[in-house]
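Novice: structure, please.
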Amino acid sequence: MAAVASLFTATPRQRCVVHKQRNVLNAIPHRERKEVGTELGEIFRQEKKEEALLNLAAFKAKYQKRYPEATRSLCEDEEHLLTFYAFPPVMHRYIRSTNAIESFFSNVRQRTDQIDAFTTGTSCLTIVWAVMQDIHLPKIPVS
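Specialist: Predicted coordinates:
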């Protein structure tokens, strides 16, 4: 991550909310995951960042003593959890999660795994580039 940050210094960083929620819920007993998961999800479904911060603080206060490991996981890299609020609301669902990125590279992997071996590094790059050009991504609204 440090290498990416050093190259793209002005680029805002957003942690994947889906993975963050999974990590937090892994520290919660199974019998309480549904209830806690609902409260956790509410943090990221707020319309405004200020409301999300209030929910985040309330969640931490409520579960800090009972589930310190879950709260620690939630607080880890906290400054990059709500970055998506800096963008227009229509973009939030695309920015909050890494699903689009993972899906894209899964598609590349699926197509390139069919090739037994690349003869050269250049042939590998050429094939990967061609596959990436062929993948149709959904249009993300910008306003």
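
Novice: and the residue nearest the centre of this protein?
Specialist: Taking CA atoms, centre = their mean, the centroid of the chain lies closest to Cys16, which sits 1.5 Å from it.

Novice: quick one: that one from Asp116, how far?
Specialist: Separation of Cys16 from Asp116 (CB to CB, to the nearest Å): 33 Å. All C-beta atoms are positioned from the backbone trio N, CA, C, and that covers glycine.

Novice: not counting its neighbours along the chain, what's nearest Asn23?
Specialist: Closest residue to Asn23 apart from its sequence neighbours, by CB to CB, 6 or more residues apart in numbering: Ser73 at 4.8 Å.

Novice: on the three-state scheme, that neighbour is what?
Specialist: helix (DSSP: H, G, I helix; E, B strand; the rest coil).

Novice: quick check on the residue located most distally from the centre of the chain: phi, psi?
Specialist: Farthest-out residue of the chain from its mean C-alpha position, per CA atoms, centre = their mean: Thr119, at 34.9 Å. In this entry, Thr119 is assigned phi and psi values of phi -70, psi -40 (degrees, to the nearest 10).

Novice: skip ahead from the worst-scoring helix or strand of the chain on mean pLDDT and say which helix or strand is next.
Specialist: Least confident helix or strand, the chain: helix 2-7 with a mean of 76, by mean pLDDT, DSSP states H and E. With elements assigned by DSSP states H and E, the helix or strand that comes after helix 2-7 is helix 17-25.

Novice: check which helices and strands the helix or strand following that following helix sits against.
Specialist: Per DSSP H and E, the first helix or strand lying C-terminal to helix 17-25 is helix 33-44. Contacts defined by 3 or more CB pairs under 8 Å, 6 or more residues apart in numbering; DSSP states H and E place helix 33-44 against helix 17-25, helix 49-63.

Novice: great, nothing more from me.
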